[in-house]
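> Output the structure for:
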Amino acid sequence: MAQLTVAEQALGDITVSSERFYRPELAVGGEGALVLGSVVIAQDYFKMIIARVLSLFGKNLTTYETLLDRARREAIVRMRTQAKAKGYTHIYGVRLEVTNINQLGSMVEAIAYGTAVISTDHTPIVSATHIACTCTFCTS
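Below you'll find the model as predicted:
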C-alpha cells in the first residue's frame, strides 16, 4: 500500500475528474484520447476465510472492502501513468468498472478509463483522500 501511495503522489499533477460533460480549456491543437488502466488483484486465502465467517454473522466485510479499494486505486494510478507517458495533463469523464473474476470473490478486476487532454487551465486540485484527484471514486 505504501508503494501505491507514493505512485499516487508522483502522479498528482494529472488532474482526474469524473464529471461527464466538463471540458477543460484545451491547448491549441490538442485532441483528446482514451486512456485506461486495468488491474487484477487477488485476496489471500486466510482473509477470505475470515470474510466468510464474518458474513455468517452479517458483519462488515472489511477484507473485501480493502481489496476493492486497492483495485480501484491501482487502476486509476495505471490510467494516470498512461496519460502522463503521452503528455496529457487532465483526465475527465473517468469511469470505473469492477468485476469478480472467480465465484469466491477473492479475485477482482478493476478498469478505469477516461478522456485525456492537454489543458491550459491545469491547476491540480488537492483532495482529502488522494492528491489532485477529484473523481467520486477516490473521495468516497
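> pLDDT (mean, whole number) over the helix or strand containing residue 9?
Using DSSP states H and E, residue 9 sits in helix 2-10. Here helix 2-10 scores 88 as its mean pLDDT.
> in it, what's buried?
7-8 (16 or more other Cβ atoms under 10 Å). C-betas here are computed from N, CA, C, even on glycine.
> Mind giving me the packing neighbours of the following helix or strand past it?
Going down the chain from helix 2-10, the next helix or strand is strand 15-16, by DSSP H and E. On a contact count with 3 or more Cβ pairs under 8 Å, 6 or more residues apart in numbering; DSSP states H and E, strand 15-16 meets strand 90-100.
> just checking, what packs against the helix or strand just after the strand it packs on?
Of the helices and strands lying after strand 90-100 in sequence (DSSP H and E), the nearest is strand 107-117. The contact analysis (3+ Cβ pairs under 8 Å, 6+ apart) places strand 107-117 against strand 33-42, helix 62-85, strand 90-100.
> just the CA coordinates of strand 107-117, formatted as CSV?
Taking C-alpha atoms only, strand 107-117 is exported to CSV below (Å, rounded to 0.1, in the frame of the first residue of the first chain):
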residue,chain,number,x,y,z
MET,A,107,-10.1,-12.0,-7.3
VAL,A,108,-11.4,-8.8,-8.8
GLU,A,109,-10.6,-6.9,-12.0
ALA,A,110,-10.8,-3.1,-12.0
ILE,A,111,-10.8,-1.0,-15.1
ALA,A,112,-10.5,2.8,-15.0
TYR,A,113,-10.9,4.8,-18.2
GLY,A,114,-11.5,8.4,-19.3
THR,A,115,-10.7,11.1,-21.8
ALA,A,116,-7.2,12.6,-21.5
VAL,A,117,-6.4,16.0,-22.8
